[in-house]
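In: Fold the following for me, if possible:
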Amino acid sequence: GDQVAPVLARPAQMAVTVVVWESRTGDEIDIYAQMIDNNSGVPLWQPWDGVPVCTVNGVQRNPVAAYDSMGGVIIAWEDFRLNAGQIPDSTTVCEIYAHRLLLSTGACDPVWNAAPVGVPVCAGLSSIARDVSIAGSTDGAFIAWTDFRNASPYPAYNNRDVYIQYLLSATASWPSGNWVSNGIPAHRYTGDNQQRPALQTDYAYRGNPARYGVFVAFEDDRLGWWQIYALNLPSTGVPTWRDDVRVAPTAEDELRPCIASSGSPSLQPFYGAVVAWEDWRNYGASGVDVYSQRIDEAGTRYWPVGLPTKVGLALCTHAGDQGGLALSARGYRAFVAWADPIYQGAGGGNGIDIYGNAIDFPTNSAVWSAASAEAICSLAEDQLTPAVDVGADMTYICWRDCRVGSSASDIYVQGYSTSNPAAGTRWLDGGHPVTQAVSAQILPDILGEVIVWQDGRRNPITADGRNDENIYAELLGDECDAPTD
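Out: Model prediction:
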């Protein structure tokens with residue numbers, strides 16, 4: 001079968017990396033995982049080709065994963081087990097399930113379920129739950145999703161919500177407080193539509209016992225157009241803020257939020273969380289732009305500094321539609337990368353490129369001008385699906401690269417100094433190849449110096465009956481500035 005759509009458990013770990021993916025055989029899709037040694041790339045769990053997370057009949061898809069600081073990794077996904085044997089469509093009942101694997105062995109945590117079936121996060125409602133997101137905590141994980149339990153019938157599906165659940169690693173259940181079966185609303189407003197949640201641990205200890213809370217950012221059309229709103233929830237599930245916070249008040253759509261924190265489990269972030277999104281305020285003039293906002297645990301918005309209305313910090317306002325944002329943050333720095341068709345249809349001969357911008361928190365400013373942003377890779381043909389990770393010393397951006405032609409693609413990477421990204425790139429313009437294997441390598445993800453991707457190199461091999469997709473990984477080398485097998 002095909003192994004596709006890899007994602008990495010977050011946040012980055014020094015010694016190991018957990019990779020999670022979909023395993024497809026016919027119409028059946030299951031969830032598998034593997035832990036690799038960051039130095040050698042050797043798989044550490046048996047079987048070597050992955051351990052089962054969920055193999056229940058039906059389709060399980062779109063996994064997300066986070067470490068819990070208790071020797072485990074929690075994985076959540078969209079689950080169609082109620083309609084096994086059917087290909088899901090926009091009306092198929094979808095539930096949210098999760099499981100916990102032990103980092104020591106890769107085995108399913110028997111407290112949750114010793115078998116690869118998972119535990120219900122949102123199930124039994126005969127409705128749709130999708131767009132699952134996760135953020136790990138010291139003793140469990142927050143899981144959020146778009147929820148259709150209160151929505152009108154197909155095709156409108158009006159009155160969608162965002163729900164959230166907090167699962168404890170030790171019990172596979174939720175803690176006392178405001179939490180209930182099938183989750184709680186992740187917003188105070190109860191009308192119109194909320195969707196596409198993005199989660200980030202807030203690293204603020206509160207309550208008894210003291211636990212981290214979580215930021216939730218989401219799309220909301222309560223005003224008649226889509227705006228990004230946010231809410232902060234402590235571990236009790238009782239919202240910290242009196243109202244949902246409108247992240248950047250504008251009169252046009254804001255879509256597809258992503259969120260990151262500059263904090264860590266050992267240091268509460270001085271600058272809270274940063275949210276970035278696709279912004280339509282200048283659509284008639286420059287197309288879809290990229291904006292960002294900083295927000296803290298009190299719900300205070302910061303950008304732009306000096307203006308009473310905090311409409312956000314512009315990261316890219318040049319012509320063309322920017323989309324497919326990837327965001328990472330650490331210390332005093334955040335970095336946003338995106339796919340950018342700035343030259344499409346303009347006679348430049350290029351396709352979609354990878355652009356980005358860094359944010360300097362102490363000065364509350366973008367490193368590069370929003371009018372130009374930073375061209376990470378602007379070679380001919382398309383560069384797609386960027387992923388980014390801000391490390392202590394280096395910030396790396398990787399992407400799918402079609403410079404060899406539209407029928408094949410490779411994975412490329414570029415690096416910038418985290419403390420001084422404007423000083424230049426680690427490699428030559430256009431980036432450095434991570435893999436140039438035959439056929440298509442797609443959907444890269446990166447944490448630290450580990451990059452994973454979906455790989456079709458076995459497809460064109462003559463007389464090889466294993467015509468399938470697989471998951472590959474690579475470590476960025478230090479000695480010779482080349483990836484290390």
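
In: Please enumerate the helices of this structure.
Out: Secondary structure of the chain by DSSP state H: the helices cover 283-286.

In: residue ranges with poor pLDDT in it?
Out: Confidence mapping of the chain against pLDDT under 70 gives the ranges 263-271, 342-350, 406, 459-466, 478-485.

In: how about the closest residue to Thr236 other than its chain neighbours, what does it touch?
Out: Nearest residue to Thr236, sequence neighbours excluded (Cβ to Cβ, 6 or more residues apart in numbering): Gly177, at 3.7 Å. Backbone N, C-alpha and C define where each C-beta goes, glycine included. For Gly177, the contact set (Cβ atoms under 8 Å, 6 or more residues apart in numbering) comprises Ser235, Thr236, Gly237, Val238.

In: Please spell out which residues along stretch 275-293 are buried.
Out: Across stretch 275-293, burial judged by 16 or more other Cβ atoms under 10 Å covers 275-282, 286-293.

In: thought Val305 was touching Phe361?
Out: No - using Cβ atoms under 8 Å, Val305 is not in contact with Phe361, being 11.2 Å away.

In: which residues do those two both contact?
Out: In contact with both Val305 and Phe361: no residue, using Cβ under 8 Å, 6+ apart.

In: Quick check: Thr363 vs Arg294, distance?
Out: Distance, Thr363 to Arg294, by Cβ to Cβ, to the nearest Å: 12 Å.

In: Give me the more crowded residue out of these two.
Out: Using other Cβ atoms under 10 Å, the more surrounded residue of Thr363 and Arg294 is Arg294, with 24 against 10.

In: hey, what's that one bridged with?
Out: Beta bridges link Arg294 to Val274, judged by DSSP bridges.

In: gap between it and Ala334?
Out: 9 Å.

In: Kindly report the same for Ala326.
Out: Between Ala326 and Ala334 the distance is 11 Å, computed by Cβ to Cβ.

In: Could you do Leu325 as well?
Out: Going from Leu325 to Ala334 by Cβ to Cβ gives 12 Å.

In: And Gly72, by the same measure?
Out: Noted for Gly72: a distance of 28 Å to Ala334, by Cβ to Cβ.

In: Repeat that for Glu297.
Out: Glu297 sits 17 Å away from Ala334 when distances are taken as Cβ to Cβ.

In: and those two? which has more neighbours close in?
Out: Of the pair Glu297 and Ala334, Ala334 is the one with more neighbours under other Cβ under 10 Å, namely 30 against 19.

In: hang on, that one packs against Ser328?
Out: Yes - between Ala334 and Ser328 there is a contact at 7.0 Å, judged by Cβ under 8 Å.

In: Quick check: neighbours shared by the two?
Out: Taking Cβ under 8 Å, 6+ apart as the contact rule, Ala334 and Ser328 both touch Ala260, Val390.

In: can you pick the most crowded of the contacts of Gly177?
Out: Ser235 (28 neighbours).
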